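S.K.: sequence first, predicted model second:
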Amino acid sequence: MPIKKINSELKNAFDKELSLIKNDLYYQEVEVFRDSKRSFIRYDVMYKPLEILTGDSYSIRRVGDDKIVFFLLDAMGKGISASITAMTSTTLLNYIFDQMKVQKNFEFKRWVKRFVDYIKGDLLENEMLSIILTSYNKKDAFFEYASFGMPAFLFVDEKNNLIKIKSNNPPISLYSDDFKIDGLNVKKIKKALFYTDGLCENRLKDGTFYKDKMYEDFIKSKDIVDFKNFVNKKIDTKNDDLAFIHIDTATYESSFITKTLFANMEGIDNALLEISDYLSEVGLNSKLSSQILLAMSELLNNALEHGVFKITNLKKSYLIENGLYDDELKRLESLYKDKSIKVKYMVKNYNNSRVFIARIEDFGDGFDVRKLKNLVVEKDKLNGRGILIVKKLVDRLYYNEAGNSVTIKKYI
C-alpha cells in the first residue's frame, strides 16, 4: 500500500478514536458556591498518544446540573490490541452512561458494575485493563471513585498539602469479580491530578523517571498551563502515551476592571482602545498586546453577533456572501440598542510571572459549548475561524455552562 494511503488510513483511525471520546465539559468551567463564595471548577485534559493507535482513553460526562463523572483508562500493551481494548471500553462506558441518562436513572455503582461485568468477558486470559472511574457531586462536594490498578491520583488541599490516594481495586481481568467504591469530601481540595502511567514513567534527561519530580511540579504549578510546561521541559524522550486529567478551582476575581458596553461596533471599538491603553500602562510589549487585543476583538464580536443579535453561523455566511452583513449589523444595532455586553479584565501577579485574565458576558441564550470539539474550518466557510484564532492566541479559554460568558487567560 502506498505511504500516502497508509498515512491517510492512520489519520482516519486516530480521528475515529477522538470521535469516540466524549467530553461534556469541553472548554467549560463549572460554577460552584462554597461557604457562600463563588468559584469555578475546570477540567483540563492532556491527551498525547505516542503513536496513532493508543491504549489510553478518557471521557468526561455530566449527569444533570450537579454531578460530573469521568473515566481515564490504560489498556495493557501497545499497538492494535491495546487500542481495540481502549476504544471498546470507551464506547461501552459512554453507551451505558447515555442509556442511563436518557432513562434518568444514572447510578455510579451500577455504571461501574455493568461495565466490569461486560468488559471482563472480552479480555484475553493474559490481558488486563487499568481504569479509574469517578463521580463528583458539586452540590455537596462529595467524590467517589473506583480505581482498578491505576497510579495513585493526587490532591492538593487549601494548605498546599499533597494527598496521594492509591488504587482501591486490582486491574480488571477475565477473573475480576467484586470491586470497591470509596468516597471522600473534597470541599477543601483546590486541585487534582489523574493520570496514566505514561506520565510518571517517562524519563528525564538523566535517565530517571519523571514520577518524583511530578509531585513537586504539581504542587508548584498554578494551573494546567504551568504544569504542562513543567512536563514538556523535563521529559526528555517520550516513550509512552501521555494522558492526564487536571482539575483545579478558580476563585471569583473581585478586582477586575469592569466595563459595560453598548451593544454596537462603536462600543466594542471603545472597549478595545481602553484595554490597549491598560496593557501599555502595565508594560506589555507590542506583540503580546496585539495578541490579546485580537483575541478580545474576536470574542467581543462573537458576543455581539451571536449573543446579542442572535445571528447564526449559517445566516452570517449568507449575509457576508451576499454583501448584506454591514447593513444588517446597523439594523440590529438599532433594534437592540437597549442591550449591553459586560467585559472584565486585569493583569494578575503569579509569583514570578503575570497573567492577563478577561471575562466577557453577553447575557444572551448561549450555545452548546460541546460543539467546539467538532469545530472544523473548511476553506469555503466563513464562520468558525474566530474561536480557532482565539485558541491559538491565548493559553486557556473557558465558557460558562450556559455558553454566554467566556474567560481567557494569557501568560505574559
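M.R.: Sure, I can see it.

S.K.: what's the longest helix in the chain?
M.R.: For the chain, the helix with the greatest residue count under DSSP state H is helix 79-102.

S.K.: next, the buried residues of it.
M.R.: By neighbour count on 16 or more other C-beta atoms under 10 Å, the buried set for helix 79-102 is 82-83, 85-90, 93-94, 96-97, 100. Every C-beta, even on glycine, is put in place using the N, C-alpha and C of the backbone.

S.K.: out of those, who's nearest Ser135?
M.R.: Distance to Ser135, by C-beta to C-beta, is smallest for Phe97 among the buried residues of helix 79-102, at 11.1 Å.

S.K.: you'd agree Ser221 is up against Val231?
M.R.: No: in this structure, Ser221 is not within contact of Val231 by C-beta atoms under 8 Å, at 9.4 Å.

S.K.: run through who's touching stretch 266-286.
M.R.: Contacts made with stretch 266-286 from outside it, assessed by C-beta atoms under 8 Å, 6 or more residues apart in numbering, are listed as 257, 259, 261, 288-289, 292-293, 296-297, 300-301, 304, 341, 343, 345, 347, 354, 356, 412.

S.K.: stretch 212-221 now?
M.R.: Against stretch 212-221 from outside (C-beta under 8 Å, 6+ apart): 154, 156, 160, 162, 191, 193, 199-200, 204, 226-227, 230-231, 234.

S.K.: can I get these in TSV including pLDDT?
M.R.: Formatted as TSV, these follow (pLDDT from 0 to 100):
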residue	pLDDT
Leu154	97
Val156	96
Asn160	93
Leu162	96
Lys191	96
Leu193	98
Leu199	90
Cys200	87
Leu204	83
Asp226	90
Phe227	93
Phe230	90
Val231	90
Lys234	86
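
S.K.: next step: those restricted to strands.
M.R.: Among the contacts of stretch 212-221, the residues falling in strands (DSSP state E) are 154, 156, 162, 191, 193, 204.

S.K.: okay if I get the buried residues of helix 79-102 as JSON lines plus pLDDT and distance to Asp277?
M.R.: Compiled in JSON lines, the buried residues of helix 79-102 are given as follows (pLDDT from 0 to 100; distance: C-beta to C-beta, whole Å):
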{"residue": "Ala82", "pLDDT": "88", "distance to Asp277": "55"}
{"residue": "Ser83", "pLDDT": "88", "distance to Asp277": "53"}
{"residue": "Thr85", "pLDDT": "92", "distance to Asp277": "56"}
{"residue": "Ala86", "pLDDT": "93", "distance to Asp277": "51"}
{"residue": "Met87", "pLDDT": "93", "distance to Asp277": "52"}
{"residue": "Thr88", "pLDDT": "94", "distance to Asp277": "56"}
{"residue": "Ser89", "pLDDT": "97", "distance to Asp277": "53"}
{"residue": "Thr90", "pLDDT": "97", "distance to Asp277": "49"}
{"residue": "Leu93", "pLDDT": "98", "distance to Asp277": "51"}
{"residue": "Asn94", "pLDDT": "97", "distance to Asp277": "48"}
{"residue": "Ile96", "pLDDT": "98", "distance to Asp277": "54"}
{"residue": "Phe97", "pLDDT": "97", "distance to Asp277": "49"}
{"residue": "Met100", "pLDDT": "96", "distance to Asp277": "53"}
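
S.K.: which pair in those residues spans the largest distance?
M.R.: The most widely separated members of the buried residues of helix 79-102, counting by C-beta to C-beta, are Ala82 and Met100 (27.1 Å).

S.K.: can I get the buried part of the contacts of stretch 266-286 as one PyMOL selection?
M.R.: Filtering the contacts of stretch 266-286 down to the buried ones (16+ other C-beta under 10 Å) takes a single PyMOL command:
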select buried, resi 259+261+289+292+293+296+297+300+304+341+343+345+347+356+412
